[in-house]
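Chemist: sequence first, predicted model second:
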Amino acid sequence: MADSTYIPPKVWTWDQGNGGKFANINRPIAGATHEKALPIGKHPLQLYSLGTPNGQKATIMLEELLALGIKEAEYDAWLINIGEGDQFSSGFVDINPNSKIPALVDRSGSDPIRIFESGSILIYLAEKFSVFLPTTQPERAETLSWLFWQVGSAPFAGGGFGHFYAYAPEKYEYPINRFAMETKRQLDVLNQRLADHKYIAGDDYTIADMAIWPWYGALVKGWLYDAGEFLSVHEYPHVIRWADEVFARPAVQRGRRVNRLQGEPSEQVKERHDASDIR
């Protein structure tokens, strides 16, 4: 049953004890909490991230580029442990004032270029290397529409369903029901789309698949929040088919392991500086 005893005050104030599992890293203000420079490796592309679904978007894209033989896509992937507050270092805040992973710095030109937000990173890399984002219409519009569908939808599956189902200090019926319903609706959107299309945007694999798979592919494969049974993911056979096909790509398997801190130790590549780091 829902807790009906809480009455919001007229003015909300921050209580560090009300953040549950993430109380030590959540706060209502932006900016750095400590001085620390970011490391810089030997490659033009420097990624600062963690192997969450959002982080996997960037590493999957980079591994897909390398799989095509694009040597200029070689990258260093540095671990940003958000559980320890690395995202609030002065160096990280300089490249992402929002203190969220992933963030990328392109040092291939005379002046470094910072790119933050996972969707923005996908578009930047696709345009830089002219691949995985169609240049003609309507294919380009379809790809970008589905990319931004993911950007707008995933907070319901992550910060909404995932938080209240898996991470909140207490379980409450109303928010779990509310966000489970929306997550299932989103899965049905994908299921209906994939009933008639091989990939999200059509016949070709694009950055839309790279953005959506780490969230919704992981959900139907039972990897995210251990919620497959609860969400009855068997009801979405076309999403399952697509999720399996995408995961069969070696670059996706490699990208999923980079900057990873969860799962089997053999699946964790905490930092990546060379192809040999992923065995």
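Modeler: Right, received. Where do you want to start?
Chemist: contacts and neighbour counts: CA atoms only from here.
Modeler: Will do.
Chemist: show me the domain layout of the protein.
Modeler: Domain assignment for the chain by the TED database gives 45-132, 138-248.
Chemist: how long is the last one end to end?
Modeler: The reference is to domain 138-248. Domain 138-248 has an end-to-end distance of 28 Å (C-alpha to C-alpha, to the nearest Å).
Chemist: that older thread, for the domains of the chain, which one ends up most surrounded?
Modeler: domain 45-132 (a mean of 20; mean count of other C-alpha atoms under 10 Å).
Chemist: looking at the domains of the chain, which is closest to residue 278?
Modeler: domain 45-132 (10.6 Å; C-alpha to C-alpha).
Chemist: now the domains of the chain in TSV, with mean pLDDT?
Modeler: TSV is the format used below for the domains of the chain (pLDDT from 0 to 100):
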stretch	mean pLDDT
domain 45-132	97
domain 138-248	97
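Chemist: closest to residue 15 out of these?
Modeler: Going by C-alpha to C-alpha, the one of these nearest residue 15 is domain 138-248, 14.7 Å.
Chemist: roughly how far out does that closest one sit from the chain middle?
Modeler: Offset of domain 138-248 from its chain centre (C-alpha atoms, centre = their mean, to the nearest Å): 12 Å.
Chemist: tell me how many other residues crowd the closest residue to residue 91 other than its chain neighbours.
Modeler: Nearest residue to residue 91, sequence neighbours excluded (C-alpha to C-alpha, 6 or more residues apart in numbering): residue 37, at 4.5 Å. Counted with other C-alpha atoms under 10 Å, residues neighbouring residue 37 total 11.
Chemist: make a markdown table out of the domains of the chain and add distance to residue 11.
Modeler: Below are the domains of the chain laid out as a markdown table (distance: least, C-alpha to C-alpha, whole Å):
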| stretch | distance to residue 11 |
| --- | --- |
| domain 45-132 | 24 |
| domain 138-248 | 22 |
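Chemist: give me the distance between the two termini of stretch 258-265.
Modeler: End to end - C-alpha to C-alpha - stretch 258-265 spans 12 Å.
Chemist: for stretch 260-279, same thing?
Modeler: Using C-alpha to C-alpha, first and last residues of stretch 260-279 are 14 Å apart.
Chemist: for stretch 43-55, same thing?
Modeler: Between where stretch 43-55 begins and where it ends, there is a gap of 19 Å, by C-alpha to C-alpha.
Chemist: so what does the residue nearest to residue 91 look like in phi/psi?
Modeler: phi -80, psi 150 (degrees, to the nearest 10).
Chemist: measure it to residue 50 for me?
Modeler: Taking C-alpha to C-alpha, one finds residue 37 at 17 Å from residue 50.
Chemist: just residue 220 next, same as before
Modeler: Counting by C-alpha to C-alpha, the separation of residue 220 from residue 50 is 22 Å.
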